[in-house]
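Student: Whatever this is, show me its structure:
(2 chains)
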Amino acid sequence: MPVERYNPRAAEPKWREAWDSAKLFETKNNDPRPKYYVLEMFPYPSGRIHMGHVRNYTLGDVLARYRKAKGFNVLHPMGWDAFGMPAENAAMQNKVHPKDWTYQNIATMRTQLKSMGLSLDWSREFATCDVDYYHRQQMLFIDFQAKGLVGRKVSKVNWDPVDQTVLANEQVIDGRGWRSGAEVEQRELAQWVFKITDYAQDLLESLDGLDQWPEKVRTMQANWIGKSEGLSFSFGLVGAPDGFDTLPVFTTRPDTMYGPTFAAIAADHPLAKKLAENNPDIAAFNEQCRRIGTSAAEIETAEKLGFDTGIKVTHPADPSWTLPLFIANFVLMDYGTGAIIGCPAHDQRDLDFARKYDLPVIDVFLPLDSDERVGNTAFVPLKTQPVRYVQWVGEPCTQTAYEAMSRSLEIFEKDGWGTRETQFRLRDWGISRQRYWGCPIPMIHCESCGIVAVPKADLPVKLPDDVDFETPGNPLDRHPTWKHVKCPSCGGEARRETDTMDTFVDSSWYFTRFTAPWENEPTDRKAANEWMPVDQYIGGIEHAILHLLYSRFFTRAMRDTGHVDLAEPFKGLFTQGMVVHETYKGPSGWVTPAEIKISDVDGKRTATLLSDGSPIEIGSIEKMSKSKKNVVDPDDIIDSYGADTARLFMISDSPPERDVIWTEAGADASHRFVQRIWRLIAEAADGLKAPQGTAASDQTVAKIAHRTLKHVGEDIEKLAFNKAVARIYELVNALHAPLTEAALTGTASPTLRQAVDFLIAMIAPMMPHLAEECWAEVGGTEMVAARAWPDFDPSFLVDNEVTLPIQINGKKRGDLTIARDADQSAVEAAVLALDFVQAALEGRQPKKIIVVPQRIVNVVG
RNA sequence: GUGGGCGUGGCGGAAUUGGUAGACGCAAGGGACUUAAAAUCCCUCGAUCUUUGAUCGUACGGGUUCGAUUCCCGUCGCCCACACCA
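Tutor: A predicted model of the protein is given here:
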């Protein structure tokens, strides 16, 4: 019986309305079922969704729908990371208010996301630019401040003198402002910081417990935190300006304290700056050092340069031992104390420097088997490898670097001139942004009282709407009235802080807010504690360090200010790959996939321009980007194929953690599969509605149905969606013949009906609209999205007979089908009786027969 | 440079963690149906050879093992991250 093609354009909106009106995906906080919190990283409302969003939200939705079917109370919310610079850029370029621009984009993107059929609880939706949200963020800030987690720090910013504004690093192009083209200046500004370094040790140690995070991300965070243990001490200074009596230094290699031949400081070191005041050469050298370091490539190739200050430092263990003090371009002010001790024999960088400036090289330790001194390659063995120490604090001996480091530390501490210290690379989180479109920092500057927090009763500090972006500078700062305020402490004239918060602050707790977005306090503690941590967080690898580290810090800070009772916000983390696409280049530049036609003759693909047939070069496969024009618009795909096809494509073939290549052929294939499922089920629907006959006749169907159900469930739980899809293909292939038969005869067995029920349940998380349509077609009444995941019957998973591959000397020569419970000797006897075994053995006795039960047999002859 | 990962057909990728290599899909070729097309269905599809079979084959070279895509050593190549971190 022929049926009409499945029409997603009609079916999909119908089912979305049905889910909506049943409020199927609205989650209650007091639901007694076990909880499961699925969260995809929320989007920035840039204007339209892109294929990367489609992939991200499909992955999360498959999991959310599956968990819901498995009986969990699933929280799957959505919101908007809505503050940030693009809104201000749009305001300047198109004269749109950032607020209007942002909320319009949100409206567009919400509609687009809804067309994907996601099982989201839209009742919890918020944007970080909603006053209700940033109001609570200001409450958190004030609590953090009271707890001592907020500080002030003077740090350098990129200042655009024409636009009168601070620039982010990415807005500085070749040393010039991206808009004005003016040469960027370095200015020092007092900035607000969160004291993330207070938690450095905990943030590092706790990474061990995050066993459902990718190892790669944990490593990246550990490196970012960058813990090192070593010796802290001070050099004495000879010939230094007044006020510089000693020079504090940190070294991770106390075992090499008897091998240094120079000391060096950063160009930004206070001593270097002091020296520059009276010495133009030093001033020029420092300036030169500062200019290097804008791009990674320059740093890589930069030659190690030093400037001999003429000052001598004295060794702490022996004041008569002096070393020259250099200013060096490879010493960083930000790390340690901005001063190093140079031990050329055992550090390649120090050695290069010593050779360049003709400094001596003292070997601290030598290899066990050679007396060869260091030449132009530093001797840097593993710290676990024993070496002969010849120049160190103790008697010459053989030991590992670890042993020597620990013994040296002990002795130096006892001698009283050095202390054991732990250094972190991690720095405090600067959150001040001199911009309008962000959460205002709720602080007040008063001439007489200093810095005072806005009382909670006076919150929120709202952004003023009447701002203009015509003139340069921060609109909050030049607003006629906004910043003028009475001091909450003395009542005198005071002024508001005009900095707003880094948008990473907004995204550091939105996942907690989702647990009770209606609450007056930042959190409903009970709800937050019940829902958190997020069971599965899904997003791009680009957030591996900052967003995730800040969120981990923020959750701890919220714990320590009484808003939640946990430290780690994300139990499981999954980093998905990108959506990539071929690029196409014509005589006048890149062209979009929609503008070309691809033909394939015997595997040779050529492309021509649709408009005039001119040849187009097929380029490399790259991340979808507007500049390369290799983008595919999700709206176009959903319009022409439907959301289910787009969703299926996103999870087929490529493992979710890898990049997926979007191709027309692949989209067609996914669409064919959607149609195929529909056709097979719809054509057999009459029989399937009223199954007849006995179940026993369909053993093969029952077996594959139950087996597939088991495996697909397991695969989804592992987020191995590509494998789950392959399993479903196999099942559909197997059901093809019985369903075609059922369509012809108009009858179906209960087993076939059950297999179809399983199939519908399994496609439901992936292709939810199609599943509903099929389910209704076979007479289902309630919605599939509200139904439970079926249970497989384990008895169908075991066969009474197994087919074992038979190897002779490790090479497969045939099969043996035998009773599943046949014992070893029975298997051996049966194997030896096989023709090809007999032939191979030529009458000899086998040396050995290896029988791996239910797996394989290997005859060694 | 340091750290991590990876290398399987024309392509995306499977392979129950040592047990039949290439599931499933794409592309390609052949066929059926059709006046024709679309759609659908069937067949072939790692390489080589003396082609009802055999040999080789998971980047390359060794090793362990009855048996290696999987474990070990070495070489080559690719990708990612961090990067003058004292």
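
Student: Tell me the strands beside the host helix or strand of A:Glu617, with direction?
Tutor: Using DSSP states H and E, A:Glu617 sits within strand A:615-623. Counting by DSSP bridges, the strands paired with strand A:615-623 are strand A:579-586 (antiparallel), strand A:604-609 (antiparallel).

Student: any low-confidence regions in chain A?
Tutor: Scanning chain A for pLDDT under 70 picks out the ranges A:1-2, A:168-175, A:291-302, A:600-604, A:695-697.

Student: Helix or strand next in line after the strand holding A:Glu617, which one?
Tutor: Using DSSP H and E, the next helix or strand after strand A:615-623 towards the C-terminus is helix A:634-641.

Student: Please point out which parts of that next one sit buried.
Tutor: By neighbour count on 16 or more other CB atoms under 10 Å, the buried set for helix A:634-641 is A:634, A:637-638, A:641. Backbone N, C-alpha and C define where each C-beta goes, glycine included.

Student: Strands of the stretch 551-700 of chain A, start to end?
Tutor: Applying DSSP state E, counting those that start in this stretch to the stretch 551-700 of chain A gives strands spanning A:573-576, A:579-586, A:589-591, A:596-601, A:604-609, A:615-623, A:660-661.

Student: swap in the stretch 51-200 of chain A?
Tutor: Counting by DSSP E, counting those that start in this stretch, the stretch 51-200 of chain A has strands at residues A:73-75, A:150-160, A:165-167, A:172-173, A:176-177, A:185-194.

Student: which one of those strands is the most hemmed in?
Tutor: strand A:73-75 (a mean of 24; mean count of other CB atoms under 10 Å).

Student: Which strands or helices does that one pack on?
Tutor: strand A:35-40, helix A:51-69 (3 or more CB pairs under 8 Å, 6 or more residues apart in numbering; DSSP states H and E).

Student: Extract the C-alpha trace of the shortest one and format it as CSV.
Tutor: Pointing back at strand A:35-40 there. This file holds the C-alpha atoms of strand A:35-40, laid out as CSV (Å, rounded to 0.1, in the frame of the first residue of the first chain):
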residue,chain,number,x,y,z
LYS,A,35,17.5,14.0,38.9
TYR,A,36,19.6,14.4,35.8
TYR,A,37,20.9,17.8,34.8
VAL,A,38,21.9,18.1,31.1
LEU,A,39,23.3,21.4,30.0
GLU,A,40,24.8,22.7,26.8
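
Student: got the angle for it vs helix A:51-69?
Tutor: Calculated by axes from the mean of the first three to the mean of the last three CA atoms, to 10 degrees, strand A:35-40 forms an angle of 170 degrees with helix A:51-69.

Student: Quickly run through the sheet partners of strand A:35-40, with directions.
Tutor: The pairing partners recorded for strand A:35-40 under DSSP bridges are strand A:73-75 (parallel), strand A:536-540 (parallel).

Student: can you list contacts of the last one?
Tutor: Which is strand A:536-540. Here strand A:536-540 makes contact (CB atoms under 8 Å, 6 or more residues apart in numbering) with A:36-41, A:52, A:56, A:59-60, A:63, A:511, A:570-576, A:578, A:719.

Student: For these, which ChimeraX command selects only the ones that are buried?
Tutor: In ChimeraX, a selection of the buried entries from these looks like this (16+ other CB under 10 Å):
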select /A:36,37,38,39,40,41,52,56,59,60,63,511,570,571,572,573,574,575,576,578,719
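
Student: does A:Asn223 sit in a helix or strand, and which one?
Tutor: helix A:215-225.

Student: Isn't A:Pro98 up against A:Ala90?
Tutor: Yes: judged on CB atoms under 8 Å, A:Pro98 makes contact with A:Ala90 at a distance of 7.0 Å.

Student: and these two? which has more neighbours close in?
Tutor: Taking neighbours as other CB atoms under 10 Å, A:Pro98 and A:Ala90 compare with A:Pro98 leading, 28 against 21.

Student: Quick check: chain neighbours aside, which residue is closest to that one?
Tutor: A:Ala87 (3.6 Å; CB to CB, 6 or more residues apart in numbering).

Student: Identify the residues contacting A:Asp524.
Tutor: A:29, A:515-516.

Student: now the strand or helix carrying A:Ile340, how far from the centre of its chain.
Tutor: A:Ile340 belongs to strand A:339-342 when elements are defined using DSSP H and E. From the chain centre to the centre of strand A:339-342 is a distance of 36 Å (CA atoms, centre = their mean, to the nearest Å).

Student: Who are the packing partners of it?
Tutor: If you count contacts as 3+ CB pairs under 8 Å, 6+ apart, strand A:339-342 packs onto strand A:246-251, strand A:262-265, helix A:348-356.

Student: Pull the residues that contact that strand.
Tutor: Contacts for strand A:339-342 (CB under 8 Å, 6+ apart): A:235, A:247-249, A:251, A:257, A:260-266, A:269, A:323, A:328, A:331, A:350, A:353-354, A:359.
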